[in-house]
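S.K.: here's a sequence, model it:
(chains A, B and C)
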Amino acid sequence: MALSLSADEEDYDSESEQKREANRPKPKMGTSAAVKLPSNRSASGARRRRTRCRKCEACLRTECGECHFCKDMKKFGGPGRMKQSCIMRQCIAPVLPHTAVCVVCGEAGKEDTLEEEDKFNVMLMECSICNEIVHPNCLKVKDASGVVNDELPNCWECPKCNYAGKTGKQKRGPGFKYASNLPGSLLKEQKAVKEEGESTSTSTAKRKPEGDDISRHRPEEREPLYRHPPVLTPSTLPRPRPEDKLRKKRKLFDDDEEEDFSVRKKGKADESLFPKLLHQIKTEEEDQEEEVDKEDTDSLFWRGLERRDRLGDTEDWAEDGDGKDTKTNFPRPPLKTPVLDSDQSHCSSPQAGPSSEGGSEPQEKGPRPKARRKRRLPNKELSKALNQEIQKTEDCLANENRQPLKVEPESENEEPKRGFRIGSDLGGERPHLRTKEMNGTPWELRHFYPSQITPLGFNRSSPGTRPLPPRSPPKCVQMERHVIRPPPISPPPDRLPLVDGKTHAVQREVWMKLFGHFTHKELCVCMRVCKTWNRWCCDKRLWTNIDLNRCKSITPLMLSGIIRRQPLSLDLSWTNISKKQLSWLINRLPGLRVLLLSGCSWVAVSALCTSSCPLLRTLDVQWVEGLKDAQMRDLLSPPTDNRPGQLDNRCKLRNILDLRLAGLDITDASLRLIIRHMPLLSRLDLSYCNHINDHSVNLLTAAGTTTRDSLTEINLSVCNRVTDHSLTFFKRCGSICHIDLRYCKQVTKTACEQFIAEMSVSVQFGLKEDKLLQKLS
DNA sequence: ATCAACGTCTTC
DNA sequence: GAAGACGTTGAT
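M.R.: Down below sits the predicted model:
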């Protein structure tokens, strides 16, 4: 068996073998490890374990004392067996150990001695494939391209490996402990991908066009490394190809991705921004180019974001910014061709996702500008692997069945704070989407449905016509192939570098204040201006609320975009996020306060059962298909896995203040759990819950319950089993301010008026609408 | 020497 | 596949 291992596997296995030899001189037989043979390690160096950077936000935190790993620690009374870092302290950017030296010259990194420009060649770089740590300058193989991986500091695929055609999937790069050990780790997918390595060759043949296409760029790949590209003109820019995605990958660590909405919006926002300043910093494009040139495979993420218009009116800013004449001056992001435009629409197409992007694009649209090849040149193998993945994605999606859905006319959405939903602009933008739908039902129709039937204050539809939740995409769509690390450590310059070597007079924080007034869409434009702005605009203070509502495909790159922005509020409603994705997200968003998952599948939402989200205050699981009493029990029950040292019997959602359960088939059994496990619950939405009745209200308001005093708002609209009697129960609630009984057939206006009259002794209530009782302040 | 915890292997 | 265990590395 071991003998049949591919060469690809040998590299990987050799790594583990080496480890095993060190750690386990006499490994037990019979395991998978036992059959792996030591292999040719000619290309592999000894791995150096990475260590925490001590500077990132995570490193600066104190141990939470509550997470799985903390509880294991002896200091927290645990057995100390797991020996893992606190989840809240998982280093974002693990660094090479201080003792690491260049295998060529034997010296340590010398980046501190030089200016930014030259740093790269004298800093230690660790190859994620062969693990060799070298100064790029010390390498003899200089005519091949190294691919810098920004996921990790000082990490690249060295020119030797890159030139040799090794692929990232062969590696099990160092410094990935964080992701690989966490629940929902996507790193492990690397293994999976690796194991599929054998098929690469076959898919290579299948993907000949791409291979050929890529080979056309080989000469470019041999260009000297690290050369800055010239500024590109939009017309020269091809649409993203698979290898662009891989280049994208290197962006994951610090310098953020930029969005591509400017393509769709054709300069609407970008024309409006800072023409004068841009003149000054335009020369930074050289530097920025490597950040900005890549076609944005995160576009899906940004497409979702761009819907959110915090200013609500970009034109206002445009006027202030003298934007009318900036068109020619603005260092516009690379505009994409119409073909690319359609590619973007893959956002919600079955081909969505980074793995699939470009998959529908069989050929290069002409030679890629040389400059764009620069220093992160993907190799053929990477492209092949990617294409293979793309193909799988497409295959998976092709097999996905869609169910027909009744379509109703649109009505306005309920939450005014929300911008226009993505659904509103789908039809025009993604004409091809419909043609891609299986079984005749356009995907978006199913997903528009919920918002279209929102007569009341929450997303709702009439009982019995529950919208079908989106299905999770096939696993292959969701597979991350890279590690995402939480907020970027981007020690940004205090001031903006200018062309003449000087810096701009305005300090960073002033810029930040300015950026704070921008919409996410505008921020995305700013990110394309220059590297510095790219960093600044990724500041999580600017992204406290990320709305991907109805963004159909949640792709790995979108996930990484979310993680890096560490939002406090995340709206994933009516998306097809998978359990694994959600779990992965939650585990990396320790500060998340608001999570909106309405219309998602229970399978996805069940990620909450196993993930810790200690600060979550608002949870929206309206219209989650399959979420019933049993599932609520799973959701609300304390962890059952109480091993020694893990004695937390508290509900994972114990801090919820606002719970939205509209449209669920839950009964009093769930309410009892809620009462028991959510002592702080203040707002409860039970609208469209057909099993909710007077007894339910009685439970919620019974003596001894926490909800009796904590509830301030309750929504029972369209709960047809609720009668006038419930109103008498609400009189017991000390804090109740808002009782929504609209469309409750068995609730009369007379009873509401009587309630108001009787309550007037202590609290003044009024009828805001028919059967909508509200405290008058 | 001690502590923290990385990265891999084992177990469930 | 996820979670747990643990030898060893890296920092102090």
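
S.K.: what about A:Cys524, distance to DNA strand C?
M.R.: Noted for A:Cys524: a distance of 31 Å to DNA strand C, by Cβ to the nearest atom of the strand, to the nearest Å. The way it works is simple: take the backbone N, C-alpha and C, and place the C-beta from them, glycine included.

S.K.: neighbours of that residue, how many?
M.R.: When neighbours are defined as other Cβ atoms under 10 Å, A:Cys524 has 30 of them.

S.K.: ok, now the one 10 residues further on?
M.R.: A:Asn534 is surrounded by 24 other residues when neighbours are defined as other Cβ under 10 Å.

S.K.: beyond whatever helix or strand it lives in, next helix or strand please.
M.R.: Element membership for A:Asn534 (DSSP states H and E) is helix A:531-536. Taking DSSP H and E as the definition, the helix or strand that follows helix A:531-536 towards the C-terminus is strand A:545-547.

S.K.: A:Gln622 contacts A:Ile666, doesn't it?
M.R.: No: taking contacts as Cβ atoms under 8 Å, A:Gln622 lies outside contact range of A:Ile666: 11.4 Å.

S.K.: okay, the two: which has more neighbours?
M.R.: Counting neighbours by other Cβ under 10 Å for A:Gln622 and for A:Ile666 shows that A:Gln622 has the greater number, 29 against 23.

S.K.: surely that one forms part of a strand?
M.R.: No: using DSSP: H, G, I helix; E, B strand; the rest coil, the secondary structure at A:Gln622 is coil, not a strand.

S.K.: so A:Thr532 touches A:Pro497, yeah?
M.R.: Yes: distance between A:Thr532 and A:Pro497: 6.5 Å, which falls inside the contact criterion (Cβ under 8 Å).

S.K.: can I see the domain layout of chain A?
M.R.: Following the TED database, chain A resolves into domains at A:51-163, A:491-542, A:543-639+A:650-775.

S.K.: those into a markdown table, with extra columns for mean pLDDT?
M.R.: As requested, these are arranged in a markdown table below (pLDDT from 0 to 100):
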| stretch | mean pLDDT |
| --- | --- |
| domain A:51-163 | 79 |
| domain A:491-542 | 79 |
| domain A:543-639+A:650-775 | 90 |
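
S.K.: let me know which of these is tucked in deepest.
M.R.: domain A:543-639+A:650-775 (a mean of 21; mean count of other Cβ atoms under 10 Å).

S.K.: so is that one next to DNA strand B?
M.R.: No: Domain A:543-639+A:650-775 is not in contact with DNA strand B by Cβ under 7 Å from any atom of the strand; minimum separation 13.9 Å.

S.K.: end to end, how far does that domain reach?
M.R.: Looking at domain A:543-639+A:650-775, the gap from its leading to its trailing residue is 34 Å under the measure Cα to Cα, to the nearest Å.

S.K.: again with stretch A:572-580
M.R.: Where stretch A:572-580 starts and where it finishes are 14 Å apart, if you go by Cα to Cα.

S.K.: gap between the residue lying closest to A:Leu608 once chain neighbours are set aside and DNA strand B?
M.R.: Leaving out its chain neighbours, the residue that sits closest to A:Leu608 by Cβ to Cβ, 6 or more residues apart in numbering is A:Leu635, at 5.8 Å. A:Leu635 sits 23 Å away from DNA strand B when distances are taken as Cβ to the nearest atom of the strand.

S.K.: quick one: the strand or helix carrying A:Leu635 near DNA strand C?
M.R.: Assigned by DSSP H and E, A:Leu635 falls within helix A:629-636. No: applying Cβ under 7 Å from any atom of the strand, one finds helix A:629-636 out of contact with DNA strand C, separated by at least 13.5 Å.

S.K.: and that helix, what does it pack against?
M.R.: Helix A:629-636 is packed against helix A:602-605, helix A:607-610, helix A:668-677, with contacts defined by 3 or more Cβ pairs under 8 Å, 6 or more residues apart in numbering; DSSP states H and E.

S.K.: got TSV for the ones you listed, with distance to DNA strand C too?
M.R.: TSV is the format used below for the helices and strands packed on helix A:629-636 (distance: least, Cβ to the nearest atom of the strand, whole Å):
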stretch	distance to DNA strand C
helix A:602-605	12
helix A:607-610	5
helix A:668-677	20
